[in-house]
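# heads up, no residue letters with this:
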């Protein structure tokens with residue numbers, strides 16, 4: 001029990017440190033992406049913290065299994081380097097007993113990963129999808145940044161304002177370029193602009209003052225030029241958004257009831273992190289065995305290579321399920337089987353094949 005508590009304590013401390021480092025690295029990349037969306041006007045400033053929180057929850061599904069794998073690998077490698085593992089073996093603690101201790105800790109940890117994979121991450125994906133949908137349905141005025149050209153949400157025009165107030169209600173030196181349904185280009189410039197909302201139907205307009213409107217087809221000389229004192233331009237027409245959840249956002253129980261191949265592939269993808277927690281933790285036990293000549297980071301680099309290979313196999317396996325190359329009933333279990341075979345091979349190599357054969361001979 002003393003050895004078990006010591007090993008679990010060392011693994012847990014290393015786990016927290018590795019998780020913290022990986023989260024900081026992951027969030028650094030996400031911060032750049034989020035602030036880039038804010039600068040482009042595709043994301044509201046009010047939703048930045050919520051979006052970062054959702055991205056953090058989704059990253060945990062990748063970071064947690066990797067953190068467990070690296071923590072076990074690094075902890076046991078350090079014990080080998082410091083000759084502590086030799087002392088533990090001298091006390092009569094076998095590699096099989098150490099494997100049981102690691103797997104018991106990994107089993108409890110896999111429950112946490114399962115909660116994230118089956119419940120929290122789909123919820124986070126659904127909320128993230130809702131935020132993206134709301135951003136697309138929001139007015140183009142919400143994304144305007146003074147001094148920058150901004151493509152309209154419909155993708156058929158460009159808006160520009162030199163100055164705009166914080167409430168997005170008044171602007172100056174406005175430029176609008178649109179493409180009409182008749183394939184005609186419409187260019188409008190005005191000195192001032194005022195936002196106006198139609199309370200009856202929810203449409204939004206920009207009331208332009210003291211400007212000029214040009215309309216015509218490229219290549220033709222029959223352009224229409226209209227000078228105006230006030231001119232209304234519809235910015236957004238209220239539409240009922242049809243929300244169709246992506247498979248990553250569909251609740252797990254609903255996926256289980258579905259008979260589609262994509263749903264079955266998504267179920268296997270959600271189960272994979274739970275199984276991989278146990279397999280990678282078991283793999284780290286024989287993989288961590290090092291000598292003083294090899295150095296602490298020799299096995300760590302080899303272990304990361306194995307993780308990358310199997311992570312890519314998971315992605316390839318999901319694609320094969322969807323394309324029909326692998327039956328849905330087989331799913332990703334062939335990847336887990338390969339992983340299990342590697343664990344058994346390395347474990348037998350650590351124990352020693354001669355030891356097994358000698359046991360058989362004695363029997």
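Yep, that arrived. Please read all numbers here as calculations on a predicted model, not as lab measurements.

# which secondary structure elements does the lengthiest helix in the chain contact?
For the chain, the helix with the greatest residue count under DSSP state H is helix 2-40. If you count contacts as 3 or more Cβ pairs under 8 Å, 6 or more residues apart in numbering; DSSP states H and E, helix 2-40 packs onto helix 48-81, helix 95-115. All C-beta atoms are positioned from the backbone trio N, CA, C, and that covers glycine.

# looking at the ones you listed, which is closest to residue 288?
Among these, the nearest to residue 288 by Cβ to Cβ is helix 48-81 (3.5 Å).

# Report the buried residues of the very next helix or strand once past the closest one.
Moving toward the C-terminus from helix 48-81, the next helix or strand (DSSP states H and E) is helix 84-90. Neighbour-count burial for helix 84-90 flags 85, 88 (criterion: 16 or more other Cβ atoms under 10 Å).

# now swap in stretch 179-188 and tell me
Neighbour-count burial for stretch 179-188 [16+ other Cβ under 10 Å]: 186, 187, 188.

# Pull up the distance across that stretch, start to finish.
12 Å (Cα to Cα, to the nearest Å).

# what angle do the longest helix of the chain and helix 95-115 make?
If you take axes from the mean of the first three to the mean of the last three Cα atoms, to 10 degrees, helix 2-40 sits at 30 degrees to helix 95-115.

# pLDDT (mean, whole number) over helix 2-40?
With pLDDT averaged residue by residue, helix 2-40 scores 85.

# Now do that helix: distance to the chain's middle.
The chain centre lies 14 Å from the centre of helix 2-40; the measure is Cα atoms, centre = their mean, to the nearest Å.

# Which pLDDT value belongs to the residue nearest to residue 234 when sequence neighbours are not counted?
Using Cβ to Cβ, 6 or more residues apart in numbering and skipping residues adjacent in sequence, the residue nearest residue 234 is residue 205, 5.6 Å away. Here the pLDDT value assigned to residue 205 is 76.

# Neighbours of residue 205, how many?
18 (other Cβ atoms under 10 Å).

# Bridge partners for it, pull those for me.
For residue 205, the beta-bridge partners under DSSP bridges are residue 196, residue 234.

# in stretch 22-36, what's buried?
Across stretch 22-36, burial judged by 16+ other Cβ under 10 Å covers 22, 26, 30, 34.

# repeat for stretch 2-13
Quick answer for stretch 2-13 (16+ other Cβ under 10 Å): 4, 7, 8, 10, 11.

# And the strands in the stretch 251-363 of the chain, which stretches?
Secondary structure of the stretch 251-363 of the chain (DSSP state E, counting those that start in this stretch): no strands present.

# for it, what are the low-confidence residue spans?
For the stretch 251-363 of the chain, the stretches with pLDDT under 70 are 291-297, 352-363.

# now do 50
354, 359-363 (pLDDT under 50).

# just the helices in it please.
252-257, 261-287, 296-323, 333-351, 353-362 (DSSP state H, counting those that start in this stretch).

# export these to JSON lines and tack on mean neighbour count and distance to residue 165?
Below are these laid out as JSON lines (neighbours: other Cβ atoms under 10 Å; distance: least, Cβ to Cβ, whole Å):
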{"stretch": "helix 252-257", "mean neighbour count": "12", "distance to residue 165": "45"}
{"stretch": "helix 261-287", "mean neighbour count": "22", "distance to residue 165": "45"}
{"stretch": "helix 296-323", "mean neighbour count": "16", "distance to residue 165": "47"}
{"stretch": "helix 333-351", "mean neighbour count": "16", "distance to residue 165": "56"}
{"stretch": "helix 353-362", "mean neighbour count": "9", "distance to residue 165": "77"}
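
# Which among those is found nearest to residue 64?
helix 261-287 (7.5 Å).

# tell me what the closest one is packed against?
helix 48-81, helix 95-115, helix 252-257, helix 296-323, helix 333-351.

# Now do the last one and helix 95-115, the angle between them.
Between the direction of helix 333-351 and that of helix 95-115, the angle (the same axes, to 10 degrees) works out to 150 degrees.

# before we move on, what about the first one?
Here helix 48-81 runs at an angle of 180 degrees relative to helix 95-115 (the same axes, to 10 degrees).

# Now do helix 48-81 against helix 261-287, angle only.
30 degrees.

# now the fourth one
Helix 296-323 and helix 261-287 meet at an angle of 160 degrees, taking the same axes, to 10 degrees as the criterion.

# Show the contacting residues for the nearest residue to residue 27 once chain neighbours are set aside.
Nearest non-adjacent residue to residue 27, counting by Cβ to Cβ, 6+ apart: residue 56, 6.5 Å away. Residues in contact with residue 56 (Cβ atoms under 8 Å, 6 or more residues apart in numbering) are 23, 26, 27, 30.

# related to what we said a few turns ago, point out the most buried one among the helices and strands packed on helix 2-40.
Among the helices and strands packed on helix 2-40, helix 48-81 has the highest mean neighbour count (mean count of other Cβ atoms under 10 Å), at a mean of 20.

# tell me the mean pLDDT over it?
In the prediction, helix 48-81 has an average pLDDT of 88.

# what's the spacing between it and its chain's center?
14 Å.

# Also stretch 105-118?
For stretch 105-118, the distance to the chain centre is 18 Å (Cα atoms, centre = their mean).

# what's that stretch in contact with?
Contacts for stretch 105-118 (Cβ under 8 Å, 6+ apart): 8, 11-12, 57, 60-61, 64-65, 68, 72, 252, 270-271, 273-274, 277-278, 281-282.
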